[in-house]
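Asker: Kindly generate the corresponding structure for this input.
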Amino acid sequence: MPRPAPFCATFGREAPHAPLSNEPKTTVAGPDTVASFSQDHISPMRRIQHALHETPSLVPMVVLVASLAIFGILLGSKFFSPFALTLILQQVTIVGIVGAAQSLVILTAGIDLSVGAIMVLSSVVMGQFTFRYGMPVELAIVLGLAVGTAVGFINGWLVAYIKLPPFIVTLGMWQIALATNFLYSANETIRSQDISENAPLLHLFGEKLEIGGAVFTFGTMFMVLLVLFLSYVLRQTAWGRHVYAVGDDPDAAELSGVNVKRTLISVYMLSGLICAFAGWAMIGRIGSVSPTSGQLANIESITAVVIGGISLFGGRGSVVGMLFGALIVGVFSMGLRLLGADAQWTYLLIGVLIISAVAVDQWIRKVSV
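Answerer: Numbers count the residues shown, from 1 in each chain. Modelled structure (predicted):
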């Protein structure tokens, strides 16, 4: 909470002198009345700081709009065409879905370095169960989703009950899932043609819907609906409030009646399930089932979360902000590519955005000190 401005309070009677023009006036009727203090003299910068604390997604939204405007001015209709804008959405689909999973974990003041490995492992399970064992594709997909959820449960159990640091747990699980992925698949890639002929359901999220000049994939629509659903759940349900409470102060949450262990396990399980959906969407995106795909998903998801205004210290931020963060990266990548700039400029600007986002987060956090 912001600290109150300097004040003069008189209990049970009027102040003996008229307040100065710059002095807030507080009158209290009786001993049981709580004093209220004027905030008329809070500085504009303090007001901005408080507004950003209340709405963390405001900063990435402004950055996104500004970047769209800048590239729109530089590139004109070449950038602002419906096809180019929806292509940005398609390119950030996988990052957006994995970023949603990462957001849930970071809101609890944790971090999940295994999201990319869970995504790839789940996709490999779907492909191998369909083509190696001849299972119905629907059952193979369900088993792939179950594998992602199970890995998430293991992560959550180790964090909640064994009290291991999330960084260490998920770093180890990243290595385990990655190794399991290569050993189980024998480093074999299932070709796009085979999938299209024998298991087209695996390509579901790659199917396209054209509206005017805009092209939307089912994966993109799933990403947007997932972000909206999680945003509603986190803001409007008891479980969502528990997630924020655990991230803000787990001890205080425990004293308030929140089952911290159960909440943490549910968060990691849901994260694993979302990563498994990302694996299914990745098959539709790249067309094949490859054990070497998605190698940068961990870093890209954390980048989207940080730029999106979610605090790495937990308890503050929104999934919508994460989506803005992913779109910012997509806009910069697309815009610089159309300008003919070296790809390294994209990494440089994204690095600056990451450091700036963390600096802004630290500044915003001071509002509650």
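Asker: Pull the contacting residues for M119.
Answerer: I94, V98, G148, C275, A276, A278, G279, M282, G294, A297 (Cβ atoms under 8 Å, 6 or more residues apart in numbering). For the C-beta atoms, the positions are set from N, CA and C on the backbone; glycine is no exception.
Asker: Which ones among these lie within helices?
Answerer: I94, V98, G148, C275, A276, A278, G279, M282, A297 (DSSP state H).
Asker: nearest to R132, of the contacts of M119?
Answerer: Nearest to R132, judged by Cβ to Cβ, of the contacts of M119 is G279 at 16.6 Å.
Asker: number of nearby residues for that closest one?
Answerer: 32 (other Cβ atoms under 10 Å).
Asker: Please, where are all the strands along this protein?
Answerer: In the chain, the segments counted as strands under DSSP state E are 8-11, 25-28, 208-211, 214-217.
Asker: check contacts around T130.
Answerer: P136, V137, A140, N198, A199, L202.
Asker: Return the member of the residues you listed nearest to L75.
Answerer: L202 (35.8 Å).
Asker: neighbours of the closest one, just the number please.
Answerer: 28.
Asker: can you tell me how far the nearest residue to G219 once chain neighbours are set aside sits from W280?
Answerer: Spatial nearest neighbour of G219, chain neighbours left out: F205 (3.6 Å); criterion: Cβ to Cβ, 6 or more residues apart in numbering. Applying Cβ to Cβ, to the nearest Å, the value for F205 to W280 is 6 Å.
Asker: if we can go back for a sec, from the ones in helices among the contacts of M119, pick the one nearest P166.
Answerer: Nearest to P166 among those, with distances taken as Cβ to Cβ, is C275, at 15.1 Å.
Asker: ok, now which ones touch the residue nearest to the spatial centre of the chain?
Answerer: By Cα atoms, centre = their mean, the mean C-alpha position of the chain lies nearest to S103, the distance being 3.5 Å. Residues in contact with S103 (Cβ under 8 Å, 6+ apart) are L230, V305, G308, I310, G317, V319, M322.
Asker: Using JSON lines, please lay out those together with neighbour count.
Answerer: Shown next, in JSON lines, are the contacts of S103 (neighbours: other Cβ atoms under 10 Å):
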{"residue": "L230", "neighbour count": "21"}
{"residue": "V305", "neighbour count": "30"}
{"residue": "G308", "neighbour count": "30"}
{"residue": "I310", "neighbour count": "31"}
{"residue": "G317", "neighbour count": "26"}
{"residue": "V319", "neighbour count": "28"}
{"residue": "M322", "neighbour count": "31"}
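Asker: export those residues to JSON lines and tack on distance to G340?
Answerer: JSON lines is the format used below for those (distance: Cβ to Cβ, whole Å):
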{"residue": "L230", "distance to G340": "37"}
{"residue": "V305", "distance to G340": "30"}
{"residue": "G308", "distance to G340": "28"}
{"residue": "I310", "distance to G340": "33"}
{"residue": "G317", "distance to G340": "35"}
{"residue": "V319", "distance to G340": "34"}
{"residue": "M322", "distance to G340": "30"}
